[in-house]
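1. Requesting a structural model of the entry that follows:
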Amino acid sequence: MKKIILIFLAVCISLSLFAQRRERIVIPDLKGYVTLKCDFHMHTIFSDGTVWPTVRVDEASREGLDAISITEHLNENPENRRYLQDLERLTDISFRNLSHNISYEIVQPYAKERNIILIRGSEITRDMPPGHHNAIFLNNSDELKKPDYMDAFHAAKAQNAFIFWNHPGYLRQQPDTTLWWPEHSQLLEQGMMHGIEVVNGFDYYPEAHRWCLEKNLTMLGNFDIHPPMPNFSSGRHRTMTLVFAKERTAEAIHEALKERRTAVYFNEYIIGEEKYLKELFENALDINVTKTGNTAQITLKNKSDLTFHLKSTAHDARLTYFRNTSVEPVTIAPQSVQTISVRLNDGITGGDVNFVVKNFLVEPNRGMKYTIKI
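-> Down below sits the predicted model:
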């Protein structure tokens, strides 16, 4: 009976706070995969957040996400204990000695109703080293409540969890620089670290980006929200992980994460492996080239909600392009059409228009190179 009351209370609170309109973020699929928008790091009143678990589902639906994981810390927070005591007085329901599965159990039926894939997870919270890590795709979060952090990681591994390092540049733990510790090598070698947050909230960690490339780790971007999610202005969004999954299921997300088929969507940046970013670019744009005399026109029709910032790179000096625009780099806004004129000088009839997509990062702070042939 108490569980039913909890679910009812959760739904009432969430319905009163958020409209039910679901947004859609248009990002192209890749060949053989669907692009799923995911956030695998967030908190509620059951650790150190300030909202009821169902609010996280409403926020995700409102912002066009496909999947979330509520990853409560595996330790009590005194401030949140006071919030729960207030709820106890209001509802006459005891919140003492709660299972660490409580957030998932409260919100799972509601997430299903809202067509949000909910993944069970928890945060293994420790000082540096090794710092904070999330384990998702758990069967039972309670089994990770261990005094020794290695025992917690082994418990997560035993459940075939996907484990990733949170905010490696967290200033309270690494105030001077972002470091890789011997303990991280140990976790990696024992199969207990599978990815790293390259972006947490609005913080980008180029060191983590490089480690993912060097050590074959999955790139993730999560918002790590604790208070209510802000209402983003038009064109803005929470940081999220783009997962290139075989289908829209939890099992397919798990498989894609293990296979490192992800990219990070952060502000106007896409961060990931070049092969995925190149296909995203090509699938988002219709590229059409026409020639009249010694001038070519490149028409770029953006069918997505992504933004592209293009800057010319080394090319045949007899080709003149981009410089005749008022601003470089050239920006292709979401759902827009941009035409670029290319001057063919000294009698040439074609050539390579070389540029870099500055906000598609294939290495730390380095954009993706691309060529359109005329």
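2. what's around the closest residue to Asp352 other than its chain neighbours, how many residues?
-> Setting aside the residues directly before and after it, Asp352 is nearest to Thr371 in space (CB to CB, 6 or more residues apart in numbering), at 4.9 Å. (C-beta placed from N, C-alpha, C; glycine too.) Using other CB atoms under 10 Å, Thr371 has 11 other residues around it.
3. Next up, identify which helix or strand Thr371 is on.
-> Take DSSP states H and E as the rule and Thr371 turns out to sit in strand 366-373.
4. coming back round to it: for the residue nearest to Asp352, name its beta-bridge partners.
-> Beta-bridge partners recorded for Thr371 (DSSP bridges): Asn354.
5. so what's it scoring on pLDDT?
-> Looking at Thr371, its pLDDT is 98.
6. which residues does it contact?
-> Thr371 is in contact with Asp352, Val353, Asn354, Phe355, counting by CB atoms under 8 Å, 6 or more residues apart in numbering.
7. if we can go back for a sec, pull out the buried residues from the strand holding Thr371.
-> Of the residues in strand 366-373, those buried by neighbour count under the rule 16 or more other CB atoms under 10 Å are Gly367, Met368, Tyr370, Ile372.
8. Most widely separated two among the residues you listed?
-> When these are compared pair by pair using CB to CB, the two farthest from each other are Gly367 and Ile372, 15.5 Å apart.
9. What ranges in the stretch 201-350 of the chain fall below the confidence cut-off?
-> Residues of the stretch 201-350 of the chain that meet the criterion pLDDT under 70 lie in 324-328.
10. Let's have the buried residues of strand 366-373 in TSV, adding distance to Leu74.
-> Formatted as TSV, the buried residues of strand 366-373 follow (distance: CB to CB, whole Å):
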residue	distance to Leu74
Gly367	39
Met368	39
Tyr370	45
Ile372	51
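11. Give the buried subset of the contacts of Thr371 as a PyMOL selection command.
-> The following PyMOL line selects those of the contacts of Thr371 that are buried, judged by 16+ other CB under 10 Å:
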select buried, resi 353+354+355
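12. Closest one of the contacts of Thr371 to Glu72?
-> Phe355 (44.9 Å).
13. Can you get me a residue count around the spatially closest residue to the closest one that is not a sequence neighbour?
-> Computed as CB to CB, 6+ apart, the closest residue to Phe355 that is not its neighbour in sequence is Leu310, at 4.7 Å. Other residues within reach of Leu310 by the criterion other CB under 10 Å amount to 25.
14. Val330 is in contact with Leu310, correct?
-> Yes. Counting by CB atoms under 8 Å, Val330 is a contact partner of Leu310 at 4.6 Å.
15. Tell me the residues that contact both of those two, please.
-> Counting by CB under 8 Å, 6+ apart, the residues touching both Leu310 and Val330 are Phe322.
16. follow-up on the earlier one: any idea how far the residue nearest to Asp352 lies from His41?
-> 37 Å (CB to CB, to the nearest Å).
17. Same question for Asp316.
-> 47 Å.
18. And for Asp151?
-> Here the distance between Asp151 and His41 works out to 22 Å (CB to CB).
19. Those two: which is more packed in?
-> Neighbour totals were compared for Asp151 and His41, and His41 leads with 27 against 13 (other CB under 10 Å).
20. circling back: okay, the residue nearest to Asp352 and Ser99: tell me how far apart.
-> When CB to CB is applied, the distance between Thr371 and Ser99 equals 55 Å.
21. Now pLDDT too, for the contacts of Thr371, in CSV please.
-> Listed next are the contacts of Thr371 as CSV, based on pLDDT from 0 to 100:
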residue, pLDDT
Asp352, 96
Val353, 96
Asn354, 96
Phe355, 96
